[in-house]
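# I would like the atomic coordinates for the input below:
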Amino acid sequence: MKRLIASAVLLSAILVVPTSFVGMSSTALAAGTLTVDWPENDIDRYVAGMSYFIKWTPGNAGATVKIELLKAGKRTKWITKKTANDGEFIWKIPTSVKKHSKYKIKITSTKNSSIYDSGDNTFTILGASNWWKDNFSLKVGGLYSVLYTGIEDDGTGTWRNFMVHANNPNVPSAVKIVNKKNGHPVRKGKQSIRFEVRPGQCGGADCSEENQSERVELAANKAEDVGKNYWYAWSVYFKNFRPIDPVSATVGQFRIGRVDTAIEFTTFLASSNGLDVYFTIDRKTKFYSVVPFSKLSNKWHDILINAKWSTGSDGFFKVWWNGKLQVNHKGRNVIDRKNDRMFRFGLYRSNLYRVASNKITHIVYYDELVRGSSCEDVSQFMTCPGGSSLKVTSPNGKEKWKTKKKYTIKWKKGKAGTYVKIQLLKKGKLYRTIAAKTKNDGKHAWRVPSTLVKSAAYKVKITSTKNKKLTDSSNKNFTITK
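Purely as a prediction, here's the structure:
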């Protein structure tokens, strides 16, 4: 079968987040050890209508805190009046928030109002309707001002927020956070990320005569370090994909810069062959098939990856597609550089001068992107190798339980931690919490309340209390009768 080789050079560098130390403010030093850690840089930009992590050091602020948005030093909006003091909160910025460069996050203990912090730096929020007009390669005082599009729904594990590539085009259709209710495909939750590349739409250096490339990419702002073992997962959906041979569309890459004697990257490419993964090290390339072309379009593909980035023979890169191991690449997979490898995803069509006529628009959706240190940290849609995932086993479909009777909910514990939460779903939506926190021992006695209505549309959902991405529900509906 004919194989399409990717462009030898993937163009332009992603903006690297400037590092700055966030120390304790005088208020935090005086009253306690609670400190705001993220947002952290006064030149960074965020977008109204999108979701982001707020992160802090809990210190001695007690069990719960409240979070507010300050504008020029004064409260302009409550973000939450009570949330667990666990150091992390996912915040969807309301579309009503206006463009301004003097915002701050203030976090206060709910038990002791003298324990609070508002961090050291302000940040900018851009308007929901026209953020895409902003300068993606803006420099402030010699440093890049990163524009973050945040996350699509419910967290990214250890990746934090996603940022816009400097060469993205300034058009509203390029990248959007979209909703299921508007007819867009969503793998889980309410939202996904939609990328669209149209002929002739380029940005920055991609528009040069030499490059002639088009892209819409986001990047994680955490590096993939040499010597570490990582787990990654995401789901990807190709809408009516059409090949643009001989150019292969890059839809994901672990990317490092160039050196004089070697080029290194691990790249996912979509073409008339389907979805392949290419490994380039020391200018030598090897590829593996992940998804055949006949199965590529108009369905979700769940990708799970286990990788050890190494300069030696102990390196590896494994890829599962919908639960099936497709790639088991072994050996050296990085050159002798550290800490600047980044994950990018979206669409990138390089060196289009190779195409006689480019009239093809590509659309791809991404959802549930996450990075962690174990399979259980990231896997939602497949059983982890070794069968160690959290798994509901009873009720798991077709059971008939009666109200006022006692039954045992059962599950495989996996590596979900010490405690789990048990919920009752009806028609796929949360109906009642059975146990907000119970031991992860694989069983829970439950007397079915007499107040439950008769229905054949119930499921049980069990979730780790330490990592909400470790969750499972009954495979099929069960019935509750009177």
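
# Now do residue 346 against residue 57, distance only.
Here residue 346 is placed at a distance of 33 Å from residue 57 (C-beta to C-beta, to the nearest Å). From N, CA and C alone the C-beta is placed, and that goes for glycine too.

# Let me know how buried residue 326 is, in neighbour terms.
Neighbour count for residue 326, taken as other C-beta atoms under 10 Å: 17.

# following the helix or strand where residue 364 lies, which helix or strand shows up next?
The secondary structure element spanning residue 364 is strand 362-372 (assigned by DSSP states H and E). Reading on from strand 362-372 to the C-terminus, the next helix or strand found by DSSP H and E is helix 375-378.

# That following helix - contacts with which helices or strands?
In this structure, helix 375-378 makes packing contacts with strand 229-238, strand 300-308, strand 362-372, judged by 3 or more C-beta pairs under 8 Å, 6 or more residues apart in numbering; DSSP states H and E.

# Kindly format the C-alpha coordinates of it as PDB.
The C-alpha atoms that make up helix 375-378 are tabulated as PDB, following Å, rounded to 0.1, in the frame of the first residue of the first chain:
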ATOM      1  CA  CYS A 375      -3.700   4.400  33.200                       C
ATOM      2  CA  GLU A 376      -6.300   4.900  35.900                       C
ATOM      3  CA  ASP A 377      -5.700   8.600  35.900                       C
ATOM      4  CA  VAL A 378      -6.700   8.900  32.300                       C
END
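
# got the contact list for the host helix or strand of residue 347?
Counting by DSSP H and E, the element that carries residue 347 is strand 342-349. When contacts are defined by C-beta atoms under 8 Å, 6 or more residues apart in numbering, strand 342-349 is touched by residues 10, 14, 159, 165, 175, 195-197, 213-224, 232, 234, 244, 247, 249-256, 362, 364, 366, 369, 371.

# more crowded one of residue 346 and residue 57?
Each of residue 346 and residue 57 had its neighbours counted (other C-beta under 10 Å), and the higher figure belongs to residue 346 (27 against 16).

# And for the closest residue to the more buried one other than its chain neighbours, the neighbour number?
Nearest non-adjacent residue to residue 346, counting by C-beta to C-beta, 6 or more residues apart in numbering: residue 217, 3.9 Å away. Residues near residue 217, counting by other C-beta under 10 Å, number 27.

# hang on, residue 217 packs against residue 166?
No. With contact defined as C-beta atoms under 8 Å, residue 217 does not count as touching residue 166 (9.7 Å).

# Tell me which of the contacts of strand 342-349 fall in strands.
Cross-referencing the contacts of strand 342-349 against strands under DSSP state E gives 175, 195-197, 214-220, 232, 234, 249-255, 362, 364, 366, 369, 371.

# can you tell me which residues contact residue 77?
Residue 77 makes contacts with 68, 69, 94, 97, as judged by C-beta under 8 Å, 6+ apart.

# from those residues, which is closest to residue 457?
Closest to residue 457 out of the contacts of residue 77 is residue 94 (33.3 Å), distances taken as C-beta to C-beta.

# OK, contacts around the closest one?
Under the criterion of C-beta under 8 Å, 6+ apart, the neighbours of residue 94 are 48, 49, 77.

# From what I see, the second one and residue 177 are in contact.
What it means is residue 49. Yes. Look at residue 49 against residue 177 with C-beta under 8 Å: they come within range, at 7.4 Å.

# one step back: got the angle between the strand holding residue 347 and strand 229-238?
Using axes from the mean of the first three to the mean of the last three C-alpha atoms, to 10 degrees, the interaxial angle of strand 342-349 with respect to strand 229-238 works out to 20 degrees.

# Got the confidence number for the closest residue to residue 384 other than its chain neighbours?
Distance criterion C-beta to C-beta, 6+ apart; nearest residue to residue 384, sequence neighbours excluded, is residue 375 at 3.7 Å. You'll see residue 375 listed with a pLDDT of 86.
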